[in-house]
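> Next input, structure requested:
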Amino acid sequence: QVQLVESGGGLVQAGGSLRLSCAAAGRSLSTYPVGWFRQAPGKDREFVVAIQWKNANTNYADSVKGRFTISRDNAKSTVNLQMNSLKPEDTAVYYCAAGPFLGTVIDGTPSQYKYWGQGTQVTVSS
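This next block holds a predicted model:
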């Protein structure tokens, strides 16, 4: 079992930035594909971005391209999400998710991800 923990959420004004981190308790995320999803009140969970473990290829949702950046910090065994130029519509609970060990995630389908964190709230005020 992989226990994921997100951190870095908070309240920010529109146009501001936040950095989320995802860590796995007791292990490294370096050999898992990792994605970020978000869920706003009354809406379905939405794919944000994913990063593969083998070649660090990334896949972004159109709504965040050019504003969000996912990266790995293998020294710290974390996956980070830098969010810039935040908009009120980015307000949501953000979830970190990991795919299978040494596996690949093809797209943003939640069923591809085996492990999920509890989420961290991001609120962007206008």
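> This structure: strands as residue ranges?
Remark: strands assigned in the chain by DSSP state E are 4-7, 10-13, 18-24, 34-39, 46-51, 58-60, 68-73, 78-83, 92-98, 115-116, 120-125.
> Spatially central residue in the chain, please.
The centroid of the chain falls nearest to residue 36 when counting by C-alpha atoms, centre = their mean (2.4 Å).
> Just list the residues touching that residue, thanks.
Residues in contact with residue 36, defined by C-beta atoms under 8 Å, 6 or more residues apart in numbering, are 20, 22, 48-50, 70, 81, 94-97. All C-beta spots, glycine's among them, are computed from the backbone N, C-alpha and C.
> re the thing from before, and the strands of the chain: which comes nearest residue 105?
Closest to residue 105 of those, according to C-beta to C-beta: strand 46-51, at 5.3 Å.
> Please name every helix or strand in contact with the closest one.
The contact analysis (3 or more C-beta pairs under 8 Å, 6 or more residues apart in numbering; DSSP states H and E) places strand 46-51 against strand 34-39, strand 58-60, strand 68-73, strand 78-83.
> How about the contacts made by the residue lying closest to the residue nearest to the centre of the chain once chain neighbours are set aside?
With sequence-adjacent residues excluded and distances taken as C-beta to C-beta, 6 or more residues apart in numbering, residue 36 is closest to residue 48, at 4.3 Å. Contacts for residue 48 (C-beta under 8 Å, 6+ apart) come out as 35-38, 60-61, 64, 68, 81, 94, 108.
> repeat that for 10 Å
Applying C-beta atoms under 10 Å, 6 or more residues apart in numbering to residue 48 gives the contacts 20, 35-38, 59-61, 63-64, 68, 70, 81, 83, 90, 92, 94-95, 108.
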